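> How does the following fold in three dimensions:
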Amino acid sequence: MAKKKTETVKMLKVTLMKSGIGYSVRHKATLRALGFHHLHETVTLPDTPTLRGMLLKVNHLVVVEEQVEK
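Here you go, the predicted structure:
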């Protein structure tokens, strides 16, 4: 039986720094899909290509940091 790889998933800390008010409906929907409800809220999400695409769409509204593993 083959051994399974134990890969650690990189995580990203994403903080909503600017409101979605005044931006398109698609931008607001992307913020909701990322899990934001309030300004200055921080969510921790896995680093995936899908997530990176969502962050590129709203990069002017959020701050992204790589989470340090302990």
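> quick one: low-confidence ranges for this protein?
Along the chain, segments meeting pLDDT under 70 span 1, 4-6, 70.
> Residue nearest the middle of it, spatially speaking?
Residue closest to the mean C-alpha point of the chain, counted by C-alpha atoms, centre = their mean, is residue 14 at 4.9 Å.
> quick one: secondary structure of that residue?
strand (DSSP: H, G, I helix; E, B strand; the rest coil).
> Who does it form a beta bridge with?
On the basis of DSSP bridges, residue 14 is bridged to residue 43, residue 64.
> wait, it sits on residue 46?
No: look at residue 14 against residue 46 with C-beta atoms under 8 Å: they stay out of range, at 11.2 Å. C-beta: built from backbone N, CA, C; applies to glycine.
> Please identify the helix or strand for residue 45.
Assigned by DSSP states H and E, residue 45 falls within strand 42-46.
> Give the other helices and strands that that strand contacts.
In terms of contacts (3 or more C-beta pairs under 8 Å, 6 or more residues apart in numbering; DSSP states H and E), strand 42-46 is packed against strand 11-16.
> mind listing what residue 23 touches?
By C-beta atoms under 8 Å, 6 or more residues apart in numbering, the contact list for residue 23 reads residue 61.
> quick one, phi psi at it?
Main-chain dihedrals, residue 23, degrees, to the nearest 10: phi -110, psi 170.
> And residue 34, by the same measure?
Taking degrees, to the nearest 10, you get phi -80, psi -10 for the backbone angles of residue 34.
> hmm, back to that, anything in contact with each of residue 14 and residue 46?
Common contacts of residue 14 and residue 46 (C-beta under 8 Å, 6+ apart): none found.
> Let me know the secondary structure of residue 31.
Of the three states, residue 31 takes helix under three-state DSSP.
> how much space between the residue nearest to it when sequence neighbours are not counted and residue 63?
Once flanking residues are discounted, residue 31 sits nearest to residue 20: 5.0 Å by C-beta to C-beta, 6 or more residues apart in numbering. From residue 20 across to residue 63, the span is 15 Å (C-beta to C-beta, to the nearest Å).
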